[in-house]
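J.: Predicted model, plus sequence, below.
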Amino acid sequence: MTIVEAILLGIIQGLTEFLPISSSGHIELTKALLQTEFSDNLLFSIVVHAATALSTMVVFRKDIYAILKELFKFEWNEQTRFAAQILISIIPVGVIGVLFEDQIESIFTGRIGFVGIMLLITALLLFFTYFKKSMDKGITFSKAFIIGIAQAVAIMPGISRSGATIATALLMGVKKEDATRFSFLMVLIPILGATFLKVLDFLEEPAIAASTPALVLIMGFVMAFLVGLAACTWMIKIVKKGKLIFFAIYCFIAGTIAIIFAAL
(Lines give C-alpha, C1' and ligand atoms only; values in the text may rest on other atoms or scores of the structure.)
Protein backbone atom coordinates (compact mmCIF):
# COMPACT_ATOMS: atom_id res chain seq x y z
CA MET A 1 0.00 0.00 0.00
CA THR A 2 1.31 3.45 -0.89
CA ILE A 3 1.12 6.54 1.31
CA VAL A 4 -1.42 8.13 -1.05
CA GLU A 5 -3.64 5.08 -0.78
CA ALA A 6 -3.26 5.11 3.01
CA ILE A 7 -4.34 8.76 3.14
CA LEU A 8 -7.33 8.07 0.90
CA LEU A 9 -8.42 5.04 2.91
CA GLY A 10 -7.90 6.98 6.16
CA ILE A 11 -10.21 9.74 4.91
CA ILE A 12 -12.80 7.19 3.83
CA GLN A 13 -12.61 5.44 7.21
CA GLY A 14 -12.97 8.72 9.10
CA LEU A 15 -16.05 9.69 7.09
CA THR A 16 -17.78 6.35 6.86
CA GLU A 17 -17.20 5.15 10.42
CA PHE A 18 -19.65 7.76 11.67
CA LEU A 19 -21.80 8.43 8.62
CA PRO A 20 -24.25 5.52 8.13
CA ILE A 21 -22.77 4.25 4.86
CA SER A 22 -20.40 1.46 6.07
CA SER A 23 -16.70 2.12 6.52
CA SER A 24 -15.60 -1.45 5.80
CA GLY A 25 -17.82 -1.63 2.73
CA HIS A 26 -16.42 1.59 1.26
CA ILE A 27 -12.85 0.53 1.97
CA GLU A 28 -13.52 -2.70 0.05
CA LEU A 29 -15.07 -0.75 -2.82
CA THR A 30 -12.14 1.67 -2.90
CA LYS A 31 -9.62 -1.16 -3.02
CA ALA A 32 -11.54 -2.73 -5.88
CA LEU A 33 -11.59 0.53 -7.84
CA LEU A 34 -7.89 1.11 -7.18
CA GLN A 35 -7.22 -2.56 -7.91
CA THR A 36 -5.21 -2.68 -4.70
CA GLU A 37 -4.55 -5.93 -2.87
CA PHE A 38 -2.38 -6.05 0.22
CA SER A 39 -1.76 -8.64 2.91
CA ASP A 40 -2.00 -6.17 5.81
CA ASN A 41 -5.69 -5.59 5.09
CA LEU A 42 -6.88 -6.39 8.61
CA LEU A 43 -3.93 -4.61 10.26
CA PHE A 44 -4.61 -1.33 8.46
CA SER A 45 -8.32 -1.70 9.22
CA ILE A 46 -7.58 -2.05 12.95
CA VAL A 47 -5.29 1.01 12.91
CA VAL A 48 -7.82 3.32 11.26
CA HIS A 49 -10.62 1.97 13.44
CA ALA A 50 -8.49 2.79 16.49
CA ALA A 51 -8.12 6.33 15.12
CA THR A 52 -11.86 6.79 14.82
CA ALA A 53 -12.30 5.31 18.29
CA LEU A 54 -9.95 8.02 19.57
CA SER A 55 -11.95 10.70 17.75
CA THR A 56 -15.10 9.34 19.43
CA MET A 57 -13.41 9.66 22.82
CA VAL A 58 -12.53 13.28 22.07
CA VAL A 59 -16.06 14.22 20.97
CA PHE A 60 -17.71 12.41 23.90
CA ARG A 61 -14.98 13.16 26.44
CA LYS A 62 -17.41 14.80 28.88
CA ASP A 63 -19.76 11.80 28.78
CA ILE A 64 -16.88 9.36 29.22
CA TYR A 65 -15.50 11.37 32.14
CA ALA A 66 -18.92 11.47 33.82
CA ILE A 67 -19.37 7.71 33.43
CA LEU A 68 -15.91 6.89 34.80
CA LYS A 69 -16.35 9.32 37.68
CA GLU A 70 -19.62 7.71 38.75
CA LEU A 71 -18.28 4.18 38.32
CA PHE A 72 -15.65 4.76 40.96
CA LYS A 73 -18.33 5.82 43.43
CA PHE A 74 -19.64 2.25 43.28
CA GLU A 75 -23.24 3.44 43.34
CA TRP A 76 -26.16 2.43 41.13
CA ASN A 77 -27.21 5.58 39.28
CA GLU A 78 -27.95 6.82 35.77
CA GLN A 79 -24.31 6.73 34.65
CA THR A 80 -23.51 3.29 36.06
CA ARG A 81 -26.74 1.97 34.54
CA PHE A 82 -25.64 3.36 31.17
CA ALA A 83 -22.23 1.70 31.56
CA ALA A 84 -23.91 -1.63 32.38
CA GLN A 85 -26.07 -1.30 29.27
CA ILE A 86 -22.98 -0.76 27.15
CA LEU A 87 -21.44 -3.93 28.61
CA ILE A 88 -24.62 -5.82 27.73
CA SER A 89 -24.52 -4.45 24.18
CA ILE A 90 -21.00 -5.73 23.45
CA ILE A 91 -21.82 -9.36 24.29
CA PRO A 92 -23.03 -10.27 20.76
CA VAL A 93 -20.04 -8.78 18.94
CA GLY A 94 -17.71 -10.28 21.54
CA VAL A 95 -19.09 -13.78 21.02
CA ILE A 96 -18.92 -13.51 17.23
CA GLY A 97 -15.41 -12.05 17.35
CA VAL A 98 -14.11 -14.91 19.53
CA LEU A 99 -15.89 -17.82 17.85
CA PHE A 100 -15.78 -16.73 14.23
CA GLU A 101 -12.54 -14.76 13.89
CA ASP A 102 -11.26 -16.74 10.89
CA GLN A 103 -14.57 -16.49 9.06
CA ILE A 104 -14.72 -12.75 9.72
CA GLU A 105 -11.25 -12.23 8.25
CA SER A 106 -12.22 -14.20 5.15
CA ILE A 107 -15.05 -11.75 4.49
CA PHE A 108 -12.55 -8.98 3.71
CA THR A 109 -11.52 -10.41 0.37
CA GLY A 110 -12.93 -7.97 -2.17
CA ARG A 111 -16.37 -9.54 -2.61
CA ILE A 112 -17.89 -6.45 -4.18
CA GLY A 113 -21.22 -8.05 -5.03
CA PHE A 114 -21.65 -9.12 -1.40
CA VAL A 115 -20.78 -5.63 -0.21
CA GLY A 116 -23.38 -4.19 -2.59
CA ILE A 117 -26.12 -6.43 -1.19
CA MET A 118 -25.19 -5.43 2.36
CA LEU A 119 -25.34 -1.75 1.37
CA LEU A 120 -28.89 -2.29 0.13
CA ILE A 121 -29.79 -3.78 3.52
CA THR A 122 -28.30 -0.71 5.21
CA ALA A 123 -30.40 1.47 2.90
CA LEU A 124 -33.57 -0.36 3.96
CA LEU A 125 -32.80 0.07 7.66
CA LEU A 126 -32.24 3.80 7.25
CA PHE A 127 -35.31 4.09 5.03
CA PHE A 128 -37.57 2.56 7.70
CA THR A 129 -36.50 5.18 10.26
CA TYR A 130 -37.95 7.89 8.01
CA PHE A 131 -41.46 6.58 8.69
CA LYS A 132 -40.93 5.98 12.40
CA LYS A 133 -42.56 8.64 14.54
CA SER A 134 -40.16 10.44 16.87
CA MET A 135 -40.37 9.09 20.44
CA ASP A 136 -38.57 9.87 23.68
CA LYS A 137 -38.14 6.40 25.16
CA GLY A 138 -34.91 5.59 26.97
CA ILE A 139 -32.54 2.66 26.51
CA THR A 140 -33.37 -0.45 28.53
CA PHE A 141 -31.20 -3.51 29.03
CA SER A 142 -33.21 -5.50 26.51
CA LYS A 143 -32.91 -2.72 23.95
CA ALA A 144 -29.18 -2.47 24.62
CA PHE A 145 -28.79 -6.17 23.82
CA ILE A 146 -30.82 -5.86 20.60
CA ILE A 147 -28.72 -2.87 19.54
CA GLY A 148 -25.68 -5.02 20.33
CA ILE A 149 -26.97 -7.70 17.95
CA ALA A 150 -27.25 -5.01 15.25
CA GLN A 151 -23.63 -4.07 15.91
CA ALA A 152 -22.56 -7.71 15.59
CA VAL A 153 -24.35 -8.03 12.25
CA ALA A 154 -22.56 -4.87 11.10
CA ILE A 155 -19.28 -6.80 11.07
CA MET A 156 -20.33 -7.64 7.52
CA PRO A 157 -18.74 -5.21 5.01
CA GLY A 158 -21.53 -3.03 3.65
CA ILE A 159 -23.65 -3.06 6.82
CA SER A 160 -23.07 0.29 8.46
CA ARG A 161 -22.32 -0.08 12.16
CA SER A 162 -23.56 3.39 13.06
CA GLY A 163 -26.48 3.05 10.64
CA ALA A 164 -27.53 -0.37 11.99
CA THR A 165 -27.25 0.56 15.66
CA ILE A 166 -28.82 4.03 15.41
CA ALA A 167 -31.62 2.80 13.13
CA THR A 168 -32.34 -0.13 15.45
CA ALA A 169 -32.52 2.20 18.45
CA LEU A 170 -34.77 4.68 16.64
CA LEU A 171 -37.10 1.91 15.44
CA MET A 172 -37.49 0.86 19.10
CA GLY A 173 -38.49 4.41 20.01
CA VAL A 174 -35.25 5.56 21.63
CA LYS A 175 -34.74 9.32 21.70
CA LYS A 176 -32.50 10.54 18.86
CA GLU A 177 -29.82 12.02 21.11
CA ASP A 178 -29.65 8.87 23.24
CA ALA A 179 -29.53 6.62 20.17
CA THR A 180 -26.55 8.50 18.73
CA ARG A 181 -24.68 8.72 22.02
CA PHE A 182 -25.17 5.03 22.78
CA SER A 183 -24.20 3.97 19.25
CA PHE A 184 -20.89 5.83 19.29
CA LEU A 185 -19.90 4.95 22.86
CA MET A 186 -20.78 1.25 22.64
CA VAL A 187 -18.17 0.63 19.93
CA LEU A 188 -15.22 1.85 22.01
CA ILE A 189 -14.67 -1.33 24.02
CA PRO A 190 -14.81 -3.72 21.00
CA ILE A 191 -12.47 -1.52 18.96
CA LEU A 192 -9.98 -1.03 21.77
CA GLY A 193 -10.15 -4.73 22.58
CA ALA A 194 -9.49 -5.73 18.97
CA THR A 195 -6.58 -3.31 18.82
CA PHE A 196 -5.08 -4.80 21.99
CA LEU A 197 -5.36 -8.34 20.61
CA LYS A 198 -3.66 -7.27 17.40
CA VAL A 199 -0.81 -5.75 19.39
CA LEU A 200 -0.38 -9.10 21.11
CA ASP A 201 -0.17 -10.76 17.69
CA PHE A 202 2.60 -8.36 16.71
CA LEU A 203 4.55 -9.18 19.86
CA GLU A 204 4.35 -12.86 18.98
CA GLU A 205 5.05 -12.43 15.27
CA PRO A 206 7.06 -9.24 14.62
CA ALA A 207 7.23 -10.12 10.92
CA ILE A 208 3.55 -9.23 10.57
CA ALA A 209 4.23 -5.68 11.71
CA ALA A 210 7.40 -5.45 9.66
CA SER A 211 5.44 -6.10 6.46
CA THR A 212 3.57 -2.81 6.93
CA PRO A 213 5.48 0.47 6.47
CA ALA A 214 5.15 2.59 9.61
CA LEU A 215 4.51 5.79 7.63
CA VAL A 216 1.58 4.15 5.88
CA LEU A 217 -0.04 3.30 9.20
CA ILE A 218 0.71 6.74 10.65
CA MET A 219 -0.81 8.62 7.71
CA GLY A 220 -3.87 6.39 7.73
CA PHE A 221 -4.29 6.93 11.46
CA VAL A 222 -3.90 10.72 11.32
CA MET A 223 -6.33 11.18 8.44
CA ALA A 224 -8.92 8.84 9.96
CA PHE A 225 -8.67 10.67 13.30
CA LEU A 226 -9.02 14.21 11.91
CA VAL A 227 -11.79 13.39 9.47
CA GLY A 228 -13.48 11.28 12.13
CA LEU A 229 -13.67 14.25 14.49
CA ALA A 230 -15.56 16.27 11.88
CA ALA A 231 -17.80 13.38 10.78
CA CYS A 232 -18.77 12.41 14.34
CA THR A 233 -19.84 15.96 15.15
CA TRP A 234 -21.75 16.20 11.87
CA MET A 235 -23.53 12.88 12.41
CA ILE A 236 -24.87 13.99 15.79
CA LYS A 237 -26.54 16.96 14.09
CA ILE A 238 -27.84 14.80 11.22
CA VAL A 239 -29.65 12.37 13.52
CA LYS A 240 -31.21 15.20 15.52
CA LYS A 241 -32.61 16.68 12.31
CA GLY A 242 -33.90 13.30 11.08
CA LYS A 243 -31.98 13.39 7.80
CA LEU A 244 -31.02 9.70 7.60
CA ILE A 245 -33.22 9.26 4.51
CA PHE A 246 -30.54 10.90 2.36
CA PHE A 247 -28.02 8.25 3.42
CA ALA A 248 -30.57 5.57 2.63
CA ILE A 249 -30.70 6.88 -0.93
CA TYR A 250 -26.91 7.03 -1.12
CA CYS A 251 -26.49 3.46 0.15
CA PHE A 252 -29.08 2.24 -2.34
CA ILE A 253 -27.23 3.89 -5.22
CA ALA A 254 -23.79 2.74 -3.99
CA GLY A 255 -25.05 -0.81 -3.43
CA THR A 256 -26.63 -1.00 -6.86
CA ILE A 257 -23.44 0.26 -8.53
CA ALA A 258 -21.36 -2.26 -6.57
CA ILE A 259 -23.57 -5.15 -7.68
CA ILE A 260 -23.41 -4.03 -11.32
CA PHE A 261 -19.64 -3.57 -11.05
CA ALA A 262 -19.28 -7.09 -9.67
CA ALA A 263 -21.47 -8.54 -12.41
CA LEU A 264 -19.38 -6.89 -15.11
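T.: Arrived safely, thanks for sending. Residues are numbered from 1 along each chain as shown.

J.: Now stretch 228-237: buried residues?
T.: Residues of stretch 228-237 classed as buried by neighbour count (16 or more other Cβ atoms under 10 Å): 228-229, 231-232, 235-236. Quick note: C-beta positions are derived from backbone N, CA and C, even for glycine.

J.: Contacts for that stretch, please.
T.: Applying Cβ atoms under 8 Å, 6 or more residues apart in numbering, the contact partners of stretch 228-237 are 13-20, 51-52, 54-56, 58-59, 162, 177, 180, 184.

J.: And the buried ones among those, selectable in PyMOL?
T.: Only the buried entries of the contacts of stretch 228-237 go into this PyMOL selection, using 16+ other Cβ under 10 Å:
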select buried, resi 13+14+15+16+17+18+19+20+51+52+54+55+56+59+162+180+184
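
J.: Which ones among the contacts of stretch 228-237 lie within helices?
T.: Those of these mapping onto helices are 13-18, 51-52, 54-56, 58-59, 162, 177, 180, 184, per DSSP state H.

J.: how many neighbours does T195 have?
T.: 14 (other Cβ atoms under 10 Å).

J.: can you start the count at 11 instead of 1 from here on
T.: Sounds good: first residue 11 from here, last item T205.

J.: dump the residue contacts of it.
T.: Applying Cβ under 8 Å, 6+ apart, the residues near T205 are 56, 59-60, 63.

J.: Equivalent analysis for E88, please.
T.: For E88, counting by Cβ under 8 Å, 6+ apart, the contacting residues are E80.

J.: L225 too?
T.: Counting by Cβ under 8 Å, 6+ apart, L225 has contacts 13, 16.

J.: so where is the stretch 111-260 of the chain shaky, pLDDT-wise?
T.: For the stretch 111-260 of the chain, the stretches with pLDDT under 70 are 111-112, 114-120, 211-213, 215-222.

J.: try it again with 90
T.: 111-125, 140-148, 164-168, 197-227, 250-253 (pLDDT under 90).

J.: SS state for G168?
T.: Classification of G168 using DSSP: H, G, I helix; E, B strand; the rest coil returns coil.

J.: how far does stretch 13-29 sit from the chain's center?
T.: 13 Å (Cα atoms, centre = their mean, to the nearest Å).

J.: phi, psi of K147?
T.: The phi/psi pair for K147 (degrees, to the nearest 10) reads phi -80, psi 150.

J.: Tell me the bridge partners for it.
T.: V184 (DSSP bridges).

J.: I'd say it and V184 touch.
T.: Yes - under the criterion of Cβ atoms under 8 Å, K147 makes contact with V184 at 5.6 Å.

J.: And the two? Which one has more around it.
T.: Set K147 next to V184 and count neighbours by other Cβ under 10 Å: V184 wins out with 25 against 13.

J.: quick one: contacts for that one?
T.: 145, 147-149, 153, 192.

J.: And P30, how far from L180?
T.: In this view, P30 and L180 are 11 Å apart by Cβ to Cβ, to the nearest Å.

J.: Tell me which helix or strand L207 sits in.
T.: Per DSSP states H and E, L207 falls inside helix 198-214.

J.: distance of W244 from G123?
T.: Distance from W244 to G123, by Cβ to Cβ: 30 Å.

J.: What of G168?
T.: Computed with Cβ to Cβ, the distance linking G168 and G123 is 10 Å.

J.: These two: which has the busier surroundings?
T.: Higher neighbour count among G168 and G123: G168, with 29 against 15, using other Cβ under 10 Å.

J.: The more buried one against G265, yeah?
T.: Yes - between G168 and G265 there is a contact under Cβ under 8 Å: 7.1 Å.

J.: Between the two, which contacts overlap?
T.: Shared contacts of G168 and G265 (Cβ under 8 Å, 6+ apart): 125-129, 132.

J.: Considering these, which is situated nearest to I13?
T.: V125 (25.1 Å; Cβ to Cβ).

J.: Give me the distance between the closest residue in space to I101 that isn't next to it in sequence and K83.
T.: In space, and not counting its chain neighbours, I101 is closest to G158: 6.0 Å by Cβ to Cβ, 6 or more residues apart in numbering. To K83, G158 is 26 Å away according to Cβ to Cβ.
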